[in-house]
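**Q** Return a 3D structure for these sequence lines:
(one chain, ligands or ions: 1)
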Amino acid sequence: MKYLIFGSKGQLGKEFGNYFTKTNADFKAFDIDEIDISNRDEVYLLCRSIKPDIIINCAAYNLVDNAETNPKDAFKSNSSGVENLAVISNEINAFLIHYGTDYVFDGKKETGLYTENDEPNPLSIYAKSKYEGEQKIKDNTDNYLILRLSWVFGNGQQNFIYKLLQWAEKNHFLKIAFDEVSVPTFTNTVVEITTKAVNKQLKGLFHLTNSGYASRYEWAKYVLRKMNKKNILYPVSKDIFNLPAKRPGFSAMSNDLITDTLKIEIPFWEDAVDNFLSKYI
Ligand SMILES: NC(=O)c1ccc[n+]([C@@H]2O[C@H](COP(=O)([O-])OP(=O)(O)OC[C@H]3O[C@@H](n4cnc5c(N)ncnc54)[C@H](OP(=O)(O)O)[C@@H]3O)[C@@H](O)[C@H]2O)c1
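**A** Numbers count the residues shown, from 1 in each chain. You can find the predicted model right below:
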């Protein structure tokens, strides 16, 4: 099995790179400095020459607030780039694995966690561009797996745990939102479950998160306690931060469909955080 990874220097791309290196898999991996997925000609050329069996797209424009003032960049990577991958996957008969986001939901559901049957209603430019990316895949190939993730943390600096620990170094009192609720999800879990899904030839759209759910405040409190930090946390409404991009208040997704289909269990987010802290911090 030959794999081709895009977005290889991001949190998830690195986790796949480490896993494939450890397992001696046949893979090639590129980031934006080598191949920009929105460059159609280069992407087509590369895919036609490598002829991978599986393309894993970890590339994305993830700057949720910056996307509000740079919608072109967000749509270029998250929609046009993804469309390129879908079209070429279809042409060369490759299986396309792509990652979506819980931010496709508006947070207004009041009857439980979001499932794959719930209708998206993205609130921000970032979320709209990611949702359009999902549609581009469905329009251009049948041979795909879209896994929607939430609050991803792994080996990188674009994640909440890293930022929290930096804030905690500089400030004794920290204000953290209590009214943003989702599921912290470890890249390690994502790679493990993606691999299981590939082995079982899973296709279609699924939610993939660690188990459980938490507010940002609960997540922060857990991390600081585990790190023996004595900072004081104030639970505050996310509205006080006045961030440019609207975020859903409650976007926690259920992983029941993927766990039932694959007949597996996924670790709770607290265990995943413990694992992450012992591995990377
Ligand atoms: N991070 C989260 O909390 C979160 C939540 C839900 C879903 N997701 C989804 O999960 C997936 C993996 O996220 P992640 O956290 O690993 O992201 P990440 O750390 O931001 O990595 C994304 C990588 O893709 C690169 N990239 C951006 N545009 C590209 C392009 N046009 N062509 C090629 N590479 C490009 C980025 O390079 P630069 O850094 O130089 O731009 C970066 O190295 C993404 O689909 C993301 O949308 C993430």
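**Q** Could you check which helix or strand contains Ile146?
**A** strand 144-149 (DSSP states H and E).
**Q** Given the helix or strand just after that strand, what are its sheet partners and their directions?
**A** Using DSSP H and E, the next helix or strand after strand 144-149 towards the C-terminus is strand 152-153. Sheet pairing for strand 152-153, assigned by DSSP bridges, gives strand 185-186 (parallel).
**Q** which other helices and strands contact the next helix or strand after the strand it pairs with?
**A** Next in sequence after strand 185-186, counting helices and strands by DSSP H and E, comes helix 187-199. If contacts are counted by 3 or more C-beta pairs under 8 Å, 6 or more residues apart in numbering; DSSP states H and E, helix 187-199 sits against helix 11-22, strand 95-101, strand 144-149, strand 152-153, helix 256-262, helix 269-280. In this view, the C-beta of every residue, glycine as well, is placed from N, C-alpha and C.
**Q** can you list these in TSV and add mean neighbour count and distance to Gly204?
**A** Formatted as TSV, these follow (neighbours: other C-beta atoms under 10 Å; distance: least, C-beta to C-beta, whole Å):
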stretch	mean neighbour count	distance to Gly204
helix 11-22	19	20
strand 95-101	24	12
strand 144-149	22	7
strand 152-153	24	21
helix 256-262	15	9
helix 269-280	17	24
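**Q** Which one, of those, ends up nearest to Asp31?
**A** Closest approach to Asp31 among the helices and strands packed on helix 187-199 is made by helix 11-22 (6.8 Å; C-beta to C-beta).
**Q** Using CSV, list the CA coordinates for that closest one.
**A** What follows is helix 11-22, C-alpha atoms only, in CSV (Å, rounded to 0.1, in the frame of the first residue of the first chain):
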residue,chain,number,x,y,z
GLN,A,11,0.2,18.3,13.9
LEU,A,12,-1.7,15.5,12.2
GLY,A,13,0.7,15.2,9.2
LYS,A,14,3.6,14.7,11.6
GLU,A,15,1.8,12.1,13.6
PHE,A,16,1.1,10.1,10.3
GLY,A,17,4.8,10.6,9.3
ASN,A,18,6.0,9.2,12.6
TYR,A,19,3.6,6.3,12.5
PHE,A,20,4.4,5.3,8.9
THR,A,21,8.2,5.6,9.6
LYS,A,22,7.8,3.4,12.6
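**Q** Could you pull out the strands in this protein for me?
**A** For the chain, the strands defined by DSSP state E cover 2-6, 26-30, 54-57, 95-101, 144-149, 152-153, 173-177, 181-182, 185-186, 204-207, 214-215, 232-236.
**Q** got the angle for the fifth one vs helix 187-199?
**A** Put simply, strand 144-149 runs at 160 degrees to helix 187-199, going by axes from the mean of the first three to the mean of the last three C-alpha atoms, to 10 degrees.
**Q** quick check: mean pLDDT across strand 144-149?
**A** On average, the pLDDT along strand 144-149 is 98.
**Q** can you check the first one too?
**A** In this model, strand 2-6 has a mean pLDDT of 98.
**Q** got it, and the longest one?
**A** When pLDDT is averaged along strand 95-101, the result is 98.
**Q** Next, the angle helix 11-22 makes with it.
**A** Using the same axes, to 10 degrees: strand 95-101 against helix 11-22 is 140 degrees.
**Q** Start the count at 45 instead of 1 going forward.
**A** Okay, using 45 as the starting number, the last item reads as strand 139-145.
**Q** From what I see, Leu268 and Tyr261 are in contact.
**A** No. Leu268 is beyond contact range of Tyr261, at 10.8 Å (criterion: C-beta atoms under 8 Å).
**Q** Between these two, which contacts overlap?
**A** Leu277 (C-beta atoms under 8 Å, 6 or more residues apart in numbering).
**Q** Flag every residue of the stretch 195-325 of the chain that's near the ligand.
**A** Residues of the stretch 195-325 of the chain lying close to the ligand (C-beta under 6 Å from any ligand atom) are 195-196, 200, 202.
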